[in-house]
Each structure stands twice: as C-alpha cells, then as structure tokens.
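Engineer: here are the coordinates; sequence isn't available:
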Ligand SMILES: O=P(O)(O)OC[C@H](O)CO
C-alpha cells in the first residue's frame, strides 16, 4: 500500500454503516481470541486440535471479511482500523501463549508485538490526516504469521521443527519490513496533511 492509497480525511466518500456483515465478522474474530487461548492451555492433544480449529476459523474470517467488504462495497474506516486490530489480537494472543508455554522464544514474540502495537499506535497518531489501511505486504505478513503460528500449535512430530522455525523466520522478517513501510507511509501522510493545511491557511489569508 502506498501513501496515496490511504484514505484522506477530506476526500472520504460516503460509507456503509458500521454494523455490516464484514465488521461483525471482524468482531467475531476478536470474540474467538479468549476461547482459543483457553483451549491452548488445556492439557492433551485433543484440546490442541480444538485450539488449532478455533485459530483456523478465526483466521479464515480475516479473509472473508475483507473479501465481503470489497465485493459488497461496505468498506468502512471502522473496518480498516478494526480488521488489523482483530488480527493482532489473535496472533498476539497466540504468540504470547506459545511463549508462556515455552514453545516459542520470547524475543520473537517481543519483536512482533513491538511492531504490531507500534503500528496500531501510529495509525491512531496520524488518523487526523487519514486512515492507513492494511497494505498487501501487511496482508502477506498476517498470512505468514498465521501459517507459522498454526504450525506451532499443531501437535506434530519433532521432525517438523525446521519447517516451523523457517515459517516463523519468514513471518518475522516480513513483519519488520512491512512495519518500516508503514512508518514511511505515516510520515508521508502527515507531511501531505500538514502541507494541505498550510496551503489552505495561506489561501484563506
Ligand atoms: O500489517 P497491518 O498492521 O496492516 O495488518 C494487516 C492485517 O492484519 C491484514 O488483514
């Protein structure tokens, strides 16, 4: 996503209502987070599979809500902000849980959380200039995180470990790179917003 693709505060067309099917799916994803965490901490392979199933269902809603919003033309600023937050709630809870369970290095969880929380805060900091929606890189990042986390959750043989870690390394790399890309986008958006405001003030003087 380029800076130009971000919705600017003064050029936003009329939007669908917040309570639409896409946003309800996004909120459902958030509601599934505590269920998933609870299942993950229960002992036994069966519970692990159940946790994996809930994680998979919640992750699939990410694909469905975005597709629905675009197809039905019900993209809202609320959805643009809430969708990445819902993803971060799910993946963040999964990463923290895996680290608490001693199955994933804490530093990996830490780096990803700093990026995810940092970008969320950044989105709110620049929101007066426009909304920064999820970029293609951001979507790829979430997909890689979901695959890596899914591989860590699945009760699988030790031989799968290199695959798990390779997937997590790829997710980590794309997480950091896309985080830096959002910082550049936010800077541009702020710069454009301030230039417009300055130009407007000058014209009015
Ligand atoms: O990289 P972000 O913060 O835009 O998040 C991307 C979303 O999770 C994609 O659905």
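Structural biologist: On my side now, so go ahead. These numbers come from a predicted model, not from an experiment.

Engineer: Residue 78 against residue 20, yeah?
Structural biologist: No. Distance between residue 78 and residue 20: 9.4 Å, which falls outside the contact criterion (CB atoms under 8 Å). From N, CA and C alone the C-beta is placed, and that goes for glycine too.

Engineer: helix/strand/coil for the residue in the chain positioned nearest to the ligand?
Structural biologist: Closest approach of the chain to the ligand (CB to the nearest ligand atom) occurs at residue 138, with a separation of 2.6 Å. Local secondary structure at residue 138 is given as helix here, using DSSP: H, G, I helix; E, B strand; the rest coil.

Engineer: Apart from its neighbours in sequence, what residue is nearest the spatially most central residue of the chain?
Structural biologist: Centroid-nearest residue in the chain, with CA atoms, centre = their mean: residue 84, separated by 3.3 Å. Distance criterion CB to CB, 6 or more residues apart in numbering; nearest residue to residue 84, sequence neighbours excluded, is residue 134 at 5.4 Å.

Engineer: these two touch, right, that neighbour and residue 83?
Structural biologist: Yes. Counting by CB under 8 Å, residue 134 does reach residue 83; the two are 6.4 Å apart.

Engineer: In the chain, what residue spans correspond to helices?
Structural biologist: In the chain, helices defined by DSSP state H lie at 21-40, 45-71, 77-100, 106-125, 136-153, 161-204, listed in chain order.

Engineer: Check which helices and strands the fourth one is in contact with.
Structural biologist: If I follow you right, that is helix 106-125. In this structure, helix 106-125 makes packing contacts with helix 77-100, helix 161-204, judged by 3 or more CB pairs under 8 Å, 6 or more residues apart in numbering; DSSP states H and E.

Engineer: ok, residue 131 - how many residues close by?
Structural biologist: Residues within reach of residue 131, counting by other CB atoms under 10 Å, total 19.

Engineer: do residue 89 as well
Structural biologist: Neighbourhood size, residue 89 [other CB under 10 Å]: 19.

Engineer: try the one 5 residues further on
Structural biologist: For residue 94, the count of nearby residues is 27 (other CB under 10 Å).

Engineer: residues touching it, list them.
Structural biologist: Under the criterion of CB atoms under 8 Å, 6 or more residues apart in numbering, the contact list for residue 94 reads 36, 37, 40, 55, 149, 152, 153.

Engineer: how about these in TSV, adding distance to the ligand, neighbour count and pLDDT?
Structural biologist: Rendered in TSV, the data for these read as follows (distance: CB to the nearest ligand atom, whole Å; neighbours: other CB atoms under 10 Å; pLDDT from 0 to 100):
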residue	distance to the ligand	neighbour count	pLDDT
36	16	24	97
37	19	18	98
40	20	22	97
55	15	26	97
149	13	25	97
152	18	22	96
153	18	24	95
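
Engineer: Do I have it right that residue 84 meets residue 139?
Structural biologist: No. Between residue 84 and residue 139 there is no contact, the gap being 9.6 Å when judged by CB under 8 Å.

Engineer: Check whether residue 132 really touches residue 125, as I assumed.
Structural biologist: No. Look at residue 132 against residue 125 with CB under 8 Å: they stay out of range, at 10.2 Å.
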